[in-house]
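Visitor: Structure for the following, please:
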Amino acid sequence: MLNEIYSETKEKMDNAIEALKRDYKTLRTGKVSTTILDGIKIDYYGTPTELTQVGSVLAPDATTIVINPWEKHLVGDIEKAIQNANIGVNPNNDGEVIKLFFPPMTVDQRKESAKQAKGMTDDAKVAIRNIRKHANDRVKVLHKDKEITDDENKKAQDEIQKITDSYVTKADDTFKAKEAEILKV
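Guide: You can find the predicted model right below:
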């Protein structure tokens, strides 16, 4: 019974760390990533479709993204979608491909990006603590219903706290790695 609570708690906390890593992908680092275009959709024959589904999206160097649509008539639609997404650059359309040129990040932009990463990390820690609270509440119900003893209740809450501490540390370590990546010139 308690082991089930522990494993469920670990699984939910793993999901919180994975969500944090997904959030980090939306941040700009020194090298531009094609993930900045994730979530931008175009109307493809009446269906909202991701850019990666209508053409190749490549980052040939640290400051450029090239979108090569498989159907050339989509170039205009893709260009409009990128402009509407407001990702900080204007698309360059040569009739065949769309190129996005990102200027190198300034020190202030890097610091701002690191600040956003810190905020995302703090949100993940709040999620982890909420998972801890939920697990502790389940243990308290078991104790109240006399399914576990006082000693088991105390041990269970200590174990849940150890699990929580390890995941908070994971979140901090993930942030430190991301911060180093962002601030590296």
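
Visitor: From now on I want contacts and neighbour counts done on CA atoms only, so please keep to that.
Guide: Fine.

Visitor: Tell me the buried residues in the longest helix seen in the chain?
Guide: Longest helix in the chain, counting residues (DSSP state H): helix 107-144. Along helix 107-144, these residues count as buried under the neighbour rule (16 or more other C-alpha atoms under 10 Å): 109-110, 113-114, 116-118, 120-122, 124-125, 127-129, 131-133, 135-136, 139-140, 142-143.

Visitor: Start from the N-terminal end of this structure and give the helices.
Guide: Per DSSP H, the chain has helices spanning 2-24, 75-85, 107-144, 150-183. These are given in chain order.

Visitor: Ok, which of these comes nearest K41?
Guide: Ranking the helices of the chain by distance to K41, with C-alpha to C-alpha as the measure, places helix 75-85 first at 6.8 Å.

Visitor: The closest one packs against which elements?
Guide: With contacts taken as 3 or more C-alpha pairs under 8 Å, 6 or more residues apart in numbering; DSSP states H and E, helix 75-85 sits against strand 41-44, strand 92-93.

Visitor: Name the spans of this structure whose pLDDT lies under the cut-off.
Guide: Under the criterion pLDDT under 70, the flagged ranges of the chain are 185.

Visitor: list the contacts for P60?
Guide: When the contact criterion is C-alpha atoms under 8 Å, 6 or more residues apart in numbering, the partners of P60 are V66.

Visitor: ditto for L2
Guide: The contact partners of L2, by C-alpha under 8 Å, 6+ apart, come to 139, 156.

Visitor: Can you give me the distance of it to T34?
Guide: For L2, the distance to T34 (C-alpha to C-alpha, to the nearest Å) stands at 43 Å.

Visitor: do M120 as well
Guide: Counting by C-alpha to C-alpha, the separation of M120 from T34 is 20 Å.

Visitor: Likewise for G76?
Guide: When C-alpha to C-alpha is applied, the distance between G76 and T34 equals 19 Å.

Visitor: Where do the domain boundaries of this protein fall?
Guide: Following automatic domain parsing, the chain resolves into domains at 2-26+106-183, 34-101.

Visitor: Can you give me the end-to-end span of the first one?
Guide: For domain 2-26+106-183, the first and last residues are 43 Å from each other (C-alpha to C-alpha).

Visitor: Can you show me the CA trace of stretch 157-168 as PDB?
Guide: Only the C-alpha atoms of stretch 157-168 are listed here, as PDB (Å, rounded to 0.1, in the frame of the first residue of the first chain):
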ATOM      1  CA  GLN A 157       6.100  10.800   5.700                       C
ATOM      2  CA  ASP A 158       9.800  10.800   6.100                       C
ATOM      3  CA  GLU A 159      10.200   8.600   3.000                       C
ATOM      4  CA  ILE A 160       8.000  11.000   1.000                       C
ATOM      5  CA  GLN A 161      10.100  13.900   2.100                       C
ATOM      6  CA  LYS A 162      13.300  12.100   1.000                       C
ATOM      7  CA  ILE A 163      11.700  11.500  -2.400                       C
ATOM      8  CA  THR A 164      10.700  15.100  -2.600                       C
ATOM      9  CA  ASP A 165      14.100  16.400  -1.600                       C
ATOM     10  CA  SER A 166      15.700  14.200  -4.300                       C
ATOM     11  CA  TYR A 167      13.400  15.600  -7.000                       C
ATOM     12  CA  VAL A 168      13.900  19.200  -5.900                       C
END
